[in-house]
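K.L.:
coords below, sequence missing:
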Ligand SMILES: CCCCCC/C=C\CC(=O)SCCNC(=O)CCNC(=O)[C@H](O)C(C)(C)COP(=O)(O)OP(=O)(O)OC[C@H]1O[C@@H](n2cnc3c(N)ncnc32)[C@H](O)[C@@H]1OP(=O)(O)O
């Protein structure tokens, strides 16, 4: 396989269906199929539609259910919440029951349709205008009044609620963790603060207003094995551990999870990294010896990108190389040397498709450039949102087409100009400059230059920065910035293909490409 799909996941024994294995099992398309290009639209990548389900059983912490109806205090606090509660309770009455293990809780799929929780005009995010008479829950946290299914309601009714996202095959009971609960929740007795004691954190929920979120961490030495932090969205999720200060120490040790999967060095320990665990895929280019962009690799990349875009679990991709010393050597010259025009056309269409998909991707793309990055490799990197380059003078980056006797097409030029500006591009393109790291940073071709062993972890921290922004705002802004450039190619795609084919199929160009390839081979000898 040319491309490794590596979801940043952690080795929980009973973790829900792994995307990695799904990818691996899936049969790959072997031939290039032009895929319809989708302009990134608004998408909420958060999994939780806050639909609530009843949890059966006599869990230790489950108070007995009330005789019926919404609690009076709740009705006074929020008529909307009260109405919602009544309708959900009604809908839940017919829910199927499951066998109950003593002392645990079981989730039962609710009959409620998936639908957004309506917001009362009086219940605004941030709790600026609170419902009159709102109790401690609303006061205890600014976001608490935004969700009609308040923790108070759940507690008072004896019915515990969980977002539908939680109704997954978990081995351990998970519960909705709410403000009241964690405010009064005592920390577990402290255990050792070594990395291995907290393996992972998962975030359930979303950043939309009126949504709960929940962070689940696996703690090996805690009897329940699960740490939960929760909140109401509108909270800054990245600050979540702060809400529950005693847990911060635990959470900070959790870098062993996602970071370890990426880096051989000590992983960063910012709480935000924890959020990345479920949302970031790492794609490693692997087409030895130099990750030349063969037709097969281009096809794989396009398919993988589309899959990840359609999988709402992912919000970002870190693109890196699995080949030592080379990120990507650019176009596979053997795909355009001595080939017929039809093949060259097919190849170029695949290149266009990849650029369009990457350039307009709704995901955050971070290039972790851990090797040389000339020509087409540079274009792959420039299509990402952010570039981190390893500090090695041999790892040069730039568009060196002119040195091969070929000319970068207008959309490569546009991408260059959009990144480093007109004058710098004019100079660099004509000279075919390949920049060493320090110069690449200076000219703005890359965003960070870091020691080689920190490329992956820095890429992850950059990803954290980008993912801290709400998806829809970032996506629409990206689209606004890049659409015109992409549209230009979309309008002239066929003409661009014809231009490429007629150019590279010229005898003189074929000769110079052959000579260049020969030079590369001899250099090796
Ligand atoms: C209308 C016209 C439109 C033009 C569109 C232009 C768009 C993009 C242009 C391109 O991308 S053209 C490709 C430009 N690429 C390069 O110039 C890079 C050339 N390669 C290198 O500089 C080096 O290989 C490297 C990437 C710095 C790695 O160096 P290293 O010493 O590690 O490896 P080598 O010994 O040089 O190479 C190993 C092996 O790989 C072959 N090879 C290298 N690059 C390519 C390539 N781009 N395509 C195909 N094959 C490549 C090289 O010949 C060696 O082969 P063997 O000797 O092992 O057979």
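P.N.:
Right, received. Where do you want to start? In this text the structure is predicted, and so the values were computed from the model without any measurement.

K.L.:
what is the neighbour count of the residue in the chain positioned nearest to the ligand?
P.N.:
The nearest approach of the chain to the ligand comes at residue 330, 2.5 Å away (Cβ to the nearest ligand atom). C-beta: built from backbone N, CA, C; applies to glycine. When counting by other Cβ atoms under 10 Å, one arrives at 22 neighbours for residue 330.

K.L.:
what are the boundaries of the strands in the stretch 301-450 of the chain?
P.N.:
Shown for the stretch 301-450 of the chain, the strands assigned by DSSP state E, counting those that start in this stretch span residues 316-321, 364-369, 373-374, 386-390, 397-398, 448-450.

K.L.:
if I pick the residue of the chain closest to the ligand, what's in contact with it?
P.N.:
Listed by Cβ atoms under 8 Å, 6 or more residues apart in numbering, the contact set of residue 330 reads 292, 293, 374, 375, 376, 377, 378, 379.

K.L.:
now with 10 Å, please.
P.N.:
Residue 330 makes contacts with 290-293, 372-380, 399-401, 404, as judged by Cβ atoms under 10 Å, 6 or more residues apart in numbering.

K.L.:
check those one by one and keep those near the ligand.
P.N.:
Filtering the contacts of residue 330 for neighbours of the ligand using Cβ under 6 Å from any ligand atom leaves 290, 292, 372, 374, 375, 376, 400, 401, 404.

K.L.:
restricted to helices, list those residues.
P.N.:
In helices, judged by DSSP state H, the following of those are found: 376, 401, 404.

K.L.:
and the buried ones among the residues you listed, selectable in PyMOL?
P.N.:
What follows is the PyMOL syntax for the buried subset of these, where burial is set by 16 or more other Cβ atoms under 10 Å:
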select buried, resi 376+401+404
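
K.L.:
quick check: buried residues in stretch 419-439?
P.N.:
Within stretch 419-439, the residues that qualify as buried are 419-420, 424-425, 428-429, 432-437, 439, counting by 16+ other Cβ under 10 Å.

K.L.:
could you do stretch 497-515 as well?
P.N.:
Going by neighbour count (16+ other Cβ under 10 Å), the buried part of stretch 497-515 is 497, 500, 501, 504, 509, 513.

K.L.:
can you check stretch 442-458 too?
P.N.:
So, applying 16+ other Cβ under 10 Å, buried residues of stretch 442-458: 443, 445, 446, 447, 448, 449, 450, 454, 455, 456, 457, 458.

K.L.:
switch those residues over to JSON lines; also include pLDDT.
P.N.:
Supplementary listing: the buried residues of stretch 442-458 in JSON lines, determined by pLDDT from 0 to 100:
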{"residue": "443", "pLDDT": "98"}
{"residue": "445", "pLDDT": "98"}
{"residue": "446", "pLDDT": "98"}
{"residue": "447", "pLDDT": "98"}
{"residue": "448", "pLDDT": "97"}
{"residue": "449", "pLDDT": "98"}
{"residue": "450", "pLDDT": "96"}
{"residue": "454", "pLDDT": "91"}
{"residue": "455", "pLDDT": "93"}
{"residue": "456", "pLDDT": "85"}
{"residue": "457", "pLDDT": "81"}
{"residue": "458", "pLDDT": "88"}
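
K.L.:
turn the residues you listed into CSV, columns for distance to residue 482.
P.N.:
Formatted as CSV, those follow (distance: Cβ to Cβ, whole Å):
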residue, distance to residue 482
443, 20
445, 17
446, 18
447, 16
448, 21
449, 24
450, 26
454, 28
455, 25
456, 26
457, 27
458, 24
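
K.L.:
can you tell me which of those residues are in helices?
P.N.:
The subset of the buried residues of stretch 442-458 located in helices under the criterion DSSP H comprises 443, 455, 456, 457, 458.

K.L.:
contacting residues for the last one?
P.N.:
Remark: with contacts taken as Cβ under 10 Å, 6+ apart, residue 458 is in contact with 263, 268, 366, 368, 386, 388-390, 447-451.

K.L.:
can you put those in JSON lines and add distance to residue 354?
P.N.:
What follows is the contacts of residue 458, written out as JSON lines (distance: Cβ to Cβ, whole Å):
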{"residue": "263", "distance to residue 354": "27"}
{"residue": "268", "distance to residue 354": "30"}
{"residue": "366", "distance to residue 354": "17"}
{"residue": "368", "distance to residue 354": "18"}
{"residue": "386", "distance to residue 354": "18"}
{"residue": "388", "distance to residue 354": "20"}
{"residue": "389", "distance to residue 354": "21"}
{"residue": "390", "distance to residue 354": "23"}
{"residue": "447", "distance to residue 354": "21"}
{"residue": "448", "distance to residue 354": "24"}
{"residue": "449", "distance to residue 354": "25"}
{"residue": "450", "distance to residue 354": "26"}
{"residue": "451", "distance to residue 354": "30"}
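
K.L.:
quick check, pLDDT for the closest residue to residue 328 other than its chain neighbours.
P.N.:
In this structure, residue 328 finds its nearest non-sequential neighbour in residue 377, 3.2 Å apart by Cβ to Cβ, 6 or more residues apart in numbering. pLDDT, residue 377: 98.

K.L.:
count of residues packed around residue 377?
P.N.:
Other residues near residue 377 number 28, with proximity taken as other Cβ under 10 Å.
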